[in-house]
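Enquirer: With the sequence up front, the predicted model follows.
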Amino acid sequence: MPDSFGKRNREKTKARKAAAREDRRTARSQRRKGIPLATERDRDESTNDVVTGEVEA
């Protein structure tokens with residue numbers, strides 16, 4: 001069975017693919033500008049700071 005079978009799964013698949021497209025678009029834009037890309041670890045650390053309210057010096 002494909003993962004896009006059924007209305008709910010189609011919506012989830014569309015949302016997941018749209019998020020992946022946006023990530024690729026952002027990464028491509030940053031590469032063109034010469035900005036280093038954030039790694040998964042960097043993203044996790046930045047979201048932890050937002051949730052806890054702590055800021056690293």
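Expert: Yep, it's here.
Enquirer: in this structure, which spans are helices?
Expert: Remark: helices of the chain, listed N- to C-terminal, are 7-33, 40-52; assignment by DSSP state H.
Enquirer: Of the ones you listed, which shows the lowest average pLDDT?
Expert: Of all the helices of the chain, helix 40-52 carries the lowest average pLDDT, namely a mean of 58.
Enquirer: and residue 6, how many residues sit next to it?
Expert: Neighbour count for residue 6, taken as other Cβ atoms under 10 Å: 12. For the C-beta atoms, the positions are set from N, CA and C on the backbone; glycine is no exception.
Enquirer: That one and residue 12: what is the separation?
Expert: 9 Å (Cβ to Cβ, to the nearest Å).
Enquirer: For residue 33, give me its contacts.
Expert: Taking Cβ atoms under 8 Å, 6 or more residues apart in numbering as the definition of contact, residue 33 has no neighbours.
Enquirer: any idea how far residue 22 is from it?
Expert: Going from residue 33 to residue 22 by Cβ to Cβ gives 17 Å.
Enquirer: Then residue 9?
Expert: As defined by Cβ to Cβ, residue 9 lies at a distance of 20 Å from residue 22.
Enquirer: now residue 35
Expert: In this structure, residue 35 lies at 16 Å from residue 22, with Cβ to Cβ as the measure.
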